[in-house]
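1. Make a model of this:
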Amino acid sequence: MNHELKNKRCQACEGGVEPLSPEAVAELSGQIEAGWELSADGLQIQRDFSFSGFYKTMNFVNAVAWIANTENHHPDLEVGYGHCLVRYTTHAIGGLSENDFICAAKIDSLFSD
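-> Residues are numbered from 1 along each chain as shown. Purely as a prediction, here's the structure:
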């Protein structure tokens, strides 16, 4: 994994900018773990994380919440026993921004550091 993204900070996005181009999405996708998938419409990335129990899942959810609040960029989460599906998109622009990939890289680092 490229450590450059996880060391960046999210920039405030209130709209008024274009979502990333497919080329930029492809480049940034190569800088996060392979488990992240691009949605069919190209507007979001997602990854389903598996755990050996609910308590470990909730620990992960709390770590993701800490990252989200620190970066002021919040994912959609689907939480169940032993898994958490994390989805990122930048709602203000209706697509992907670098912020989505920065947060994905920070989540990836929970497992690789």
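
2. how about the helices in the protein?
-> 3-6, 22-29, 54-71, 98-112 (DSSP state H).

3. Which among those is found nearest to Gly80?
-> helix 54-71 (7.6 Å; Cβ to Cβ). All C-beta atoms are positioned from the backbone trio N, CA, C, and that covers glycine.

4. Looking at strand pairing, list the partners for Gly95.
-> Thr90 (DSSP bridges).

5. can you tell me which residues contact it?
-> Glu18, Pro19, Leu20, Gly42, Leu43, Thr89 (Cβ atoms under 8 Å, 6 or more residues apart in numbering).

6. Ser97 now?
-> Cys13, Val17, Pro19, Leu20, Thr90 are the contacts of Ser97 under Cβ under 8 Å, 6+ apart.

7. where does the protein dip in pLDDT?
-> 1-3, 112-113 (pLDDT under 70).

8. Going by distance to Ala65, which of the contacts of Gly95 wins?
-> The closest of the contacts of Gly95, once distances to Ala65 are taken by Cβ to Cβ, is Thr89, at 17.5 Å.

9. For the closest one, which non-adjacent residue is closest in space?
-> Nearest non-adjacent residue to Thr89, counting by Cβ to Cβ, 6 or more residues apart in numbering: Gln44, 3.8 Å away.

10. Would you mind measuring from the one you found to Asn69?
-> Between Gln44 and Asn69 the distance is 20 Å, computed by Cβ to Cβ, to the nearest Å.

11. who's more crowded, these two?
-> Neighbours per residue, other Cβ atoms under 10 Å: of Gln44 and Asn69, the larger number sits with Gln44, 19 against 10.

12. and the more buried one, how far is that from Pro19?
-> For Gln44 relative to Pro19 (Cβ to Cβ), the value is 10 Å.
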